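1. next come a sequence and a model predicted from it.
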Amino acid sequence: MHIYEVLRRPIVTEKSMRQSDLVNQYTFEVDRRATKQQVKKAVETAFDVQVVRVNIMRCAGKKRRWGRHITRTPWWKKAVVMLAEGDSIQFFEGV
């Protein structure tokens, strides 16, 4: 997998913004096949920062109703990346 295919999108919620302010952690949706090492390398390359720790969790899909049919959205992965002290990602600043 190419390094730029690992990160899908940033997750901007109240909790993730609080984490970025207080403990320097940023949250991303990542590819389902991505590993911790690949996420670390992708963040370091894309944003020119030093990554200290990566936590990955698998988020279950939700049930959706479409007429009389009940379907499921696909599962996805979320990565919480902790940066070194003094580093920050400018994409999240001022949101």
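-> Good, I have the coordinates. The structure displayed is predicted, hence computed values, not measured ones. Numbers count the residues shown, from 1 in each chain.

2. look at Lys63 and say how many residues are nearby.
-> Using other Cβ atoms under 10 Å, Lys63 has 9 other residues around it. Bear in mind the C-beta positions are built from the backbone N, C-alpha and C, glycine included.

3. for this protein, longest helix please?
-> If each helix of the chain is counted by residues according to DSSP state H, the longest one is helix 36-47.

4. and that one, what does it pack against?
-> strand 7-10, strand 25-30, strand 51-59, strand 76-83 (3 or more Cβ pairs under 8 Å, 6 or more residues apart in numbering; DSSP states H and E).

5. now the residue nearest the centre of the chain: how far from Thr71?
-> Residue closest to the average C-alpha location in the chain (Cα atoms, centre = their mean): Phe28, at 1.4 Å. As defined by Cβ to Cβ, to the nearest Å, Phe28 lies at a distance of 26 Å from Thr71.

6. do the same with Ala42
-> For Ala42 relative to Thr71 (Cβ to Cβ), the value is 31 Å.

7. what does Val52 give?
-> 39 Å.

8. and Thr71, how many neighbours?
-> Around Thr71 there are 11 residues (other Cβ under 10 Å).

9. that one against Gly61, yeah?
-> No: taking contacts as Cβ atoms under 8 Å, Thr71 lies outside contact range of Gly61: 9.2 Å.

10. now Ile3. Nearest residue, chain neighbours left out?
-> Ala42 (5.1 Å; Cβ to Cβ, 6 or more residues apart in numbering).

11. tally of neighbours for that neighbour?
-> The burial count for Ala42: 24, using other Cβ under 10 Å.

12. repeat that for Trp66.
-> Residues lying near Trp66 (other Cβ under 10 Å) number 7.

13. go on, Val52?
-> Count around Val52 with other Cβ under 10 Å applied: 14.

14. what is the burial count for the closest residue to it other than its chain neighbours?
-> Distances taken as Cβ to Cβ, 6+ apart put Met82 closest to Val52, at 4.8 Å, once the chain neighbours are dropped. Met82: 16 surrounding residues under other Cβ under 10 Å.

15. from what I can see Met82 touches Ser20, true?
-> No: between Met82 and Ser20 there is no contact under Cβ under 8 Å: 10.3 Å.
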